[in-house]
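>>> how would this look folded up:
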Amino acid sequence: MQAAGLGARRDAAVRILNSNDAILRGGAACRLCGTREYRGRPDLTEIPGISDYTAITLLSEIGTDMSCWGSVKKFAAWLRLAPGTKITGGKVLSARTLPTSSRAAQVLRTAAVNAGRTRTALGSFYRRMCLQRGSGRVVVATAHKIARIIFQMISTGMPFQEVGQDAYEQQHRDRTLRRLKKQAADLGLALVPDQQAVLVS
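Residues are numbered from 1 along each chain as shown. Sure, this is the predicted structure:
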């Protein structure tokens, strides 16, 4: 059964490569099908957590035409990776994501867990969120982030840009510092650097 499933996805990859909207260049479809032709399109396997098999599975599920969803928000909602909107009387009763049997959503969740083990921006995001929320919510949040990246890559044809773990952590620190300064200013206070901490660093 597994061999048959892989064969079906290989056939799907061949059809994708033969279409005008092929998006894998030297990546998943090219390696599985033995095709080395340069296509000038972004490679989804450059995203942390996305393997060759994951990329092929995603393409066989979502295709290469993102215009059918209209926006990245609708794409994430279709994957059931966006927060729920159970609201009544202006009050949010629940923001839990809805259950889904979508294979695309399942492989994105698996990719999120794999990305969490890497020393990348996505990996740093995953580990930081684990300190604040339960593992289930972190997996969904990271999968949502990966889905948005995939949507943008396929829609614009731009390659994935990895900023790195250190750059991501510095950006997070800068955002936190700006937020704290604003909160202090609203209270008529000012943040004062810890001189001892500055000397140690």
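>>> could you point out which element follows the lowest-mean-pLDDT helix or strand in the chain?
Within the chain, no helix or strand scores below helix 28-33, which has a mean of 44 by mean pLDDT, DSSP states H and E. Using DSSP states H and E, the helix or strand that follows helix 28-33 in sequence is helix 52-62.
>>> what about dumping the CA coordinates of that next one to PDB?
Provided in PDB are the C-alpha atoms of helix 52-62 (Å, rounded to 0.1, in the frame of the first residue of the first chain):
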ATOM      1  CA  ASP A  52      10.900  15.700  -0.400                       C
ATOM      2  CA  TYR A  53       8.000  13.400   0.500                       C
ATOM      3  CA  THR A  54       6.300  16.200   2.400                       C
ATOM      4  CA  ALA A  55       6.600  18.600  -0.500                       C
ATOM      5  CA  ILE A  56       5.200  16.100  -3.000                       C
ATOM      6  CA  THR A  57       2.300  15.300  -0.600                       C
ATOM      7  CA  LEU A  58       1.400  18.900  -0.200                       C
ATOM      8  CA  LEU A  59       1.500  19.600  -3.900                       C
ATOM      9  CA  SER A  60      -0.700  16.700  -4.600                       C
ATOM     10  CA  GLU A  61      -3.200  18.100  -2.100                       C
ATOM     11  CA  ILE A  62      -3.100  21.800  -2.700                       C
END
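>>> That one: which residues count as buried?
Asp52, Thr54, Ala55, Ile56, Thr57, Leu58, Leu59, Ser60, Glu61, Ile62 (16 or more other Cβ atoms under 10 Å). C-beta: built from backbone N, CA, C; applies to glycine.
>>> counting contacts, what elements does it pack onto?
Counting contacts by 3 or more Cβ pairs under 8 Å, 6 or more residues apart in numbering; DSSP states H and E, helix 52-62 packs against helix 2-18, helix 28-33, helix 103-115.
>>> Contacts for the next helix or strand after that helix next, please.
Note on helix 52-62: by DSSP H and E, the next helix or strand toward the C-terminus is helix 72-78. With Cβ atoms under 8 Å, 6 or more residues apart in numbering as the test, helix 72-78 has contacts from Met66, Trp69, Ala82, Ser102, His144, Ala147, Arg148, Phe151, Gln152.
>>> How about the contacts made by the fifth one?
Under the criterion of Cβ under 8 Å, 6+ apart, the contact list for His144 reads Ala76, Leu81, Ala82.
>>> quick one: Ala147 and Met158, what's the gap?
Ala147 sits at a distance of 16 Å from Met158 (criterion: Cβ to Cβ, to the nearest Å).
>>> Looking at those two, which one has more neighbours?
More neighbours surround Ala147 than the other of Ala147 and Met158, with 24 against 11 (other Cβ atoms under 10 Å).
>>> Can you tell me the element that one falls in?
Taking DSSP H and E as the criterion, Ala147 maps to helix 135-156.
>>> which stretches of this protein have low pLDDT?
Within the chain, the ranges that satisfy pLDDT under 70 run 1-41, 83-100, 195-201.
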